[in-house]
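Undergrad: sequence and predicted model, in that order:
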Amino acid sequence: MKILITGGAGFIGSHVVRLFVTKYPNYQILNLDALTYAGNLENLRDVKQAPNYKFVKGDIADQNFVDQLFAHEAPDAVIHLAAESHVDRSITDPMAFVKTNVIGTVNLLNAARHLWQPGGYAGHVFYHVSTDEVYGSLDFGPEMFTEETAYDPRSPYSASKASSDHFVRAWHHTYGLPIKLSNCSNNYGPNHFPEKLIPLAIHRLRTGQPVPVYGKGENVRDWLFVKDHATAIDAVFHRGKPGETYNIGGVNEWQNLKLIELLCDVVDEKTGQAPGTSRQLIKFVTDRAGHDMRYAIDSSKIMNELGWKPSVTFEQGLAQTVDWYLENEEWLNHVTSGAYQDYNAKQYAGR
Ligand code: NAD
Ligand code: TYD
């Protein structure tokens, strides 16, 4: 089987590529990535020589390129992760999210349909990896997002992902495309680009810079270790039912401020600093526009039907993550040079 994985040079994609290349030596893994600021082939240094791995650079928003790639490579299955993924960037440049997340997804759906439909869909899968943010924002009650929760996206990022989810389901209902979908909570772990909260905070604590906490730090997110998301994707890809959606989460809700305080303590412990040193770098800054208050995901469907569950506790995952960033200074230095500094200057100016 030849699987096209899109966005394989990004954070989650690189963990999915590694898992599939090493666990399934009989599969051919084709990694398609545009190598935007978030894509980094250094994430895949350890698998790039594997005989069942190949990288192709290209833009999913370019219809001609996508059509030619499908004609030339004829993948049997697609695992689609390529996306613009950062809410703050979607607030300043929404059109980039429409192009990649909406148009890019429709280009892939069309190409897969035209390649597979003539010979019948048997043996083919189009798996779309999505986010819990499409469900909107919860308040601080016991409610959680289930697969039946109505979509209510509120940021340009989540609106573009919700749109792509709708297109994926439309291709199933209209053309019979054998799709699978999953909606996952916030991931953390190695290779996470340091614009998202956890890697941004680790990078700033490492370099003695303030850690920006939006608003009062009351917002709640559910955090899942990235390698556990990759095993969930493996489970859905192989055992999920065509046409179905699976919610994936860590059963691990944290208020941002509490999370940052815990992270500060882990960094102090790992770097031998006096307890409380890092917490002094916490800085409350202007809130994000339209900031969703709480995300919480009910993962009982994937747990009960596919037997998946997270393998590490948050404390274990966070310790592994901090260790990784402390040991991979070169990776951090590469991704935080040049354009990253311009982005940071603009994003946190006056905050
Ligand atoms: P990321 O930003 O780290 O990586 C995205 C990858 O897609 C990069 O390698 C980038 O180069 C590539 N890409 C972007 N635009 C492209 C284009 N036009 N053509 C080809 N490649 C392009 O993102 P991530 O955090 O790894 O997220 C991967 C997927 O998982 C996304 O679809 C995201 O919506 C979803 N997701 C992420 C999280 C999370 O917490 N990070 C949670 C749930 C779902
Ligand atoms: P983020 O990692 O951007 O993920 P998402 O917005 O997709 O959930 O942010 C996680 C939470 O942390 C979110 O509530 C916004 C908040 N946050 C900060 O407080 N400071 C920051 O500098 C960033 C990037 C995020």
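TA: That came through, no problem. Residues are numbered from 1 along each chain as shown. Ligands and ions are numbered 1, 2, ... in the order given.
Undergrad: and the closest residue in space to Q117 that isn't next to it in sequence, how many residues sit next to it?
TA: The spatial neighbour of Q117 that comes closest, neighbours along the chain excluded (Cβ to Cβ, 6 or more residues apart in numbering), is Y175 at 6.8 Å. All C-beta atoms are positioned from the backbone trio N, CA, C, and that covers glycine. Neighbourhood size, Y175 [other Cβ atoms under 10 Å]: 16.
Undergrad: try T146
TA: T146: 14 neighbours (other Cβ under 10 Å).
Undergrad: ditto for K216
TA: So K216, with other Cβ under 10 Å, has 11 neighbours.
Undergrad: same check, this time on the one 10 residues further on
TA: Residue crowding around V226 was assessed by other Cβ under 10 Å; the count is 20.
Undergrad: what sits against the closest residue in space to it that isn't next to it in sequence?
TA: The shortest distance from V226 to any non-neighbouring residue, by Cβ to Cβ, 6+ apart, is to G189 (3.5 Å). Counting by Cβ atoms under 8 Å, 6 or more residues apart in numbering, G189 makes contact with 11, 15, 225-227, 317, 320-321, 324.
Undergrad: give me the distance between G189 and I91.
TA: The spacing between G189 and I91, counted by Cβ to Cβ, to the nearest Å, is 25 Å.
Undergrad: is it correct that I5 is in contact with V21?
TA: No: with contact defined as Cβ atoms under 8 Å, I5 does not count as touching V21 (9.5 Å).
Undergrad: tell me the secondary structure at Y37.
TA: Classification of Y37 by DSSP: H, G, I helix; E, B strand; the rest coil places it in coil.
Undergrad: interface residues of the protein facing ligand 1?
TA: Residues of the chain lying near ligand 1 by Cβ under 6 Å from any ligand atom: 6-7, 9-13, 33-36, 38-39, 59-61, 81-85, 100, 104, 129, 131, 161, 184, 186-187, 193.
Undergrad: out of the residues you listed, which touch ligand 2?
TA: Among these, ligand 2 is touched by N186 when using Cβ under 6 Å from any ligand atom.
Undergrad: next, the closest residue to L41 other than its chain neighbours: phi, psi?
TA: Spatially, and ignoring its direct neighbours in sequence, L41 is nearest to A9 (5.5 Å; Cβ to Cβ, 6+ apart). Here is the backbone geometry of A9 (degrees, to the nearest 10): phi -90, psi 0.
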